[in-house]
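Trainee: Coordinates for the following, if possible.
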Amino acid sequence: MYKKLAKQTIIYSIGSIFPKIINYIFLKFFTFSLRRGEFSLYTDMYSLSFLAIGFVSFGLESAYFRFLYEKKYDKKTVFSTGLILQFFISTIFFIISTNCKNYLIHISGYSNHSEYFIMFFLIVFFDTISIIPMAWLRVNEKPLYYITINIIVVFIQSILVFYMFFVYKNFRMSHNHYLLIIYKIVNSFTDRTGYIFFSNVISSIINFLLVIPILFYEFFLYKFNKVLARKMLYYGMSIMFGTIIYSINENLDKILIKRFISDEINGAYSACYKISSFISLYQKVFRLGIEPFFFKKSNDSDAIYYYEEITYFFMLFGLIFYVLLCSNIPIFIQNIISKKYHSAISIIPIIMMGYLLLGIYTNLSILYKTINKPFVGTFCSLIGLFITLFFNTIFILISKKNFMIPAWGTFFSYGSMLFALYIWILKKFRNFFTKKIKNILFHLFLAIFTIFSTKKNEVEINFIYQFLYLFIIFIFEKKRLLNLFK
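Mentor: Numbering: from 1, shown residues only. Next comes the predicted model:
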C-alpha cells in the first residue's frame, strides 16, 4: 500500500514541483522587472480571482470524490453529473460577471485597468470547467497524464510571458497577419502586468483543450442524474463556503494593505508572502497523492489507523521542511526576490508556520468528508474567518502601517481552525492521536528551538545546528522511518 502511494505521490511531486519552480523563477523575474506598485496590482488581481474561483468551483471536486465510490451510481454517472453542474455554474458566472463588469471595476478600484477583468473572467471559467476532468486523472491513477498537462501549460505560459516582456514590441506585423488582433489586444494593456494575465488566459484555455480527450470516453449527457446532482450540490456547498473562507483568510491581508497602506508596501509584503507559501507546495503534493487514497480507504476497518499514521508523517516531514527553509531564509530570499522587496522579510517564518498548520488541518479534514459531515469544515473555517477579520480590523483601525498584524492573523487563523477540528475529532474518534501528542510537542519544540538557534549566526554554524536537528529526528524516529522506507 505504502509503495504504490509513494510512487504516485512522487510522480505528482514532479508535476507540482516543476510548475512551482517555474513560478519562483518568475517571482525573481517579476520582482526585478516590475515596480512594486505593478507587482501589487498583479497579486491583488489574483487575490480577487481566487475568491471567485472558490465560489464558482462550488466544492464539486470533493463532491466528485465523495460519491464516486457509492454503489448506487456508476463512475460515468458521477463524472457526467459533476461536469454538467460545473459547466452550468461556470457559464452562469461568466455571463453575469461580464454583464456586471463596469460595476465590478468601480467597486474594486480598477477603472484604469478595465481590460484585465474580461481576462480574469475567462481564466476563472476555463480553470473551473477543467477541475472535474483533472480530478478524474487523479482518481484513475494517471499521474503521468496529469503532470504532462501541468508541464505543457506552464511551459506555454512561460514562453508567452518572456516573449511579451522582451520580444513583441520589436515584432512587426502586416495588417493582414492573422495574429494582428492579438497584437492589438496585448498592445492596449495599461502596464506590464497585463502580459502575465494574458498568458494565463491562453494557458487556461490550453489546459481545457488537453482534458477534452477524457470527455470523449467518460462524459455522457444522458448519464446526468438529478438526484445525484442535488446531493453533490448540497455536499459541495459546505465545501464551497469553506473554500471561500479560506480564500478570504489567504488574501484579505493583501487586499487591505494595498488599499490602506500603499502599493509599494503591498508589493513587498506579497513577494515575501509568496516565499512563505513555498511550504504549501509540500502540502499540495501530499494532498494530490493521498486524498483519493483516503476516500478509497474510508470504508475499511483500519482506515483510522492509516489516517493517523499518514498525518503524523505529514507533520514530521513538514516540520523538517519548515526548519530547513526558515534556517536559511537569507540564502533563499536573496536568490528569489529583488532587495527592494526585503522590507517584509519578517513575515516569512510566521506565514510558513501558518501554512504548515493549514496542511495538518487539510489532512485531518478527510475525517469529516468521508462521513458526510462537510458542515464541520464550514464551522472550523468560520472560526478562522473570525480570527482573520479580528486581526485585520485591528490593522485597519489601530495600526495601518504595521503589516505584521495581518501576518499574525494568518497564523492564528489557521491554528484556530486546526484546534477546533481536533476537538471535534476527539469527540467523534476517541483516542485519535492522543498517543502521539507528546511526540508532536517534542518535534514542535525542537523545530522552534533550532530556528531560534540559527538566527543571526554564520552560515557554517547554522548548517551544524541543522545537521544536529536532523540527527536527533532520525534517532527519535528511527524505527518508524526505517519501516516507512522499507
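Trainee: okay, now residue 119: neighbour count?
Mentor: Neighbourhood size, residue 119 [other CB atoms under 10 Å]: 22. Using the backbone N, CA and C atoms, a C-beta is placed for each residue, glycine as well.
Trainee: Just the element for it, please.
Mentor: helix 115-129 (DSSP states H and E).
Trainee: Mean confidence (pLDDT) on that helix, please.
Mentor: Taken as a whole, helix 115-129 carries a mean pLDDT of 91.
Trainee: what's that helix packed up against?
Mentor: helix 36-57, helix 75-99, helix 101-108, helix 193-218 (3 or more CB pairs under 8 Å, 6 or more residues apart in numbering; DSSP states H and E).
Trainee: and the next element down the chain from the longest one?
Mentor: Same thing as helix 193-218. Next along the chain from helix 193-218, counting by DSSP H and E, comes helix 226-260.
Trainee: now that next one against helix 101-108, angle please.
Mentor: Counting by axes from the mean of the first three to the mean of the last three CA atoms, to 10 degrees, helix 226-260 lies at 50 degrees to helix 101-108.
Trainee: picking that back up, now do the buried residues in the helix holding residue 119.
Mentor: 115-117, 119-129 (16 or more other CB atoms under 10 Å).
Trainee: what stretches of this protein score poorly on pLDDT?
Mentor: Along the chain, the model assigns pLDDT under 70 to residues 1-17, 167-188, 190, 285-303, 399-400, 456-457, 486.
Trainee: what about residue 223, how many neighbours?
Mentor: Using other CB under 10 Å: residue 223 sits among 19 other residues.
Trainee: re the thing from before, let's see the helix holding residue 119 as PDB, backbone CA atoms only.
Mentor: The C-alpha trace of helix 115-129 is given here as PDB (Å, rounded to 0.1, in the frame of the first residue of the first chain):
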ATOM      1  CA  GLU A 115      -9.300  45.400 -19.700                       C
ATOM      2  CA  TYR A 116      -7.900  43.000 -17.100                       C
ATOM      3  CA  PHE A 117     -11.400  41.900 -15.900                       C
ATOM      4  CA  ILE A 118     -12.500  40.100 -19.000                       C
ATOM      5  CA  MET A 119      -9.200  38.200 -18.900                       C
ATOM      6  CA  PHE A 120      -9.900  37.100 -15.400                       C
ATOM      7  CA  PHE A 121     -13.400  36.100 -16.100                       C
ATOM      8  CA  LEU A 122     -12.000  33.800 -18.900                       C
ATOM      9  CA  ILE A 123      -9.400  32.400 -16.500                       C
ATOM     10  CA  VAL A 124     -12.000  31.500 -13.900                       C
ATOM     11  CA  PHE A 125     -14.300  30.000 -16.500                       C
ATOM     12  CA  PHE A 126     -11.700  27.700 -18.100                       C
ATOM     13  CA  ASP A 127      -9.900  26.800 -14.900                       C
ATOM     14  CA  THR A 128     -13.200  25.700 -13.200                       C
ATOM     15  CA  ILE A 129     -14.600  23.600 -16.100                       C
END
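Trainee: so who does residue 36 touch?
Mentor: 263, 264, 266, 267, 268, 340, 341 (CB atoms under 8 Å, 6 or more residues apart in numbering).
Trainee: now residue 235
Mentor: 59, 62, 63, 66, 67, 372, 374 are the contacts of residue 235 under CB under 8 Å, 6+ apart.
Trainee: hang on, the earlier thing: any idea which of the buried residues of helix 115-129 is closest to residue 445?
Mentor: Nearest to residue 445, judged by CB to CB, of the buried residues of helix 115-129 is residue 127 at 40.9 Å.
Trainee: quick one: the nearest residue to the closest one once chain neighbours are set aside and residue 359, what's the gap?
Mentor: Nearest residue to residue 127 in three dimensions, chain neighbours excluded: residue 204, at 5.3 Å (CB to CB, 6 or more residues apart in numbering). Between residue 204 and residue 359 the computed distance is 26 Å (CB to CB, to the nearest Å).
Trainee: hmm, back to that, among the contacts of residue 235, which are in helices?
Mentor: If you go by DSSP state H, the contacts of residue 235 have 62, 63, 66, 67 in helices.
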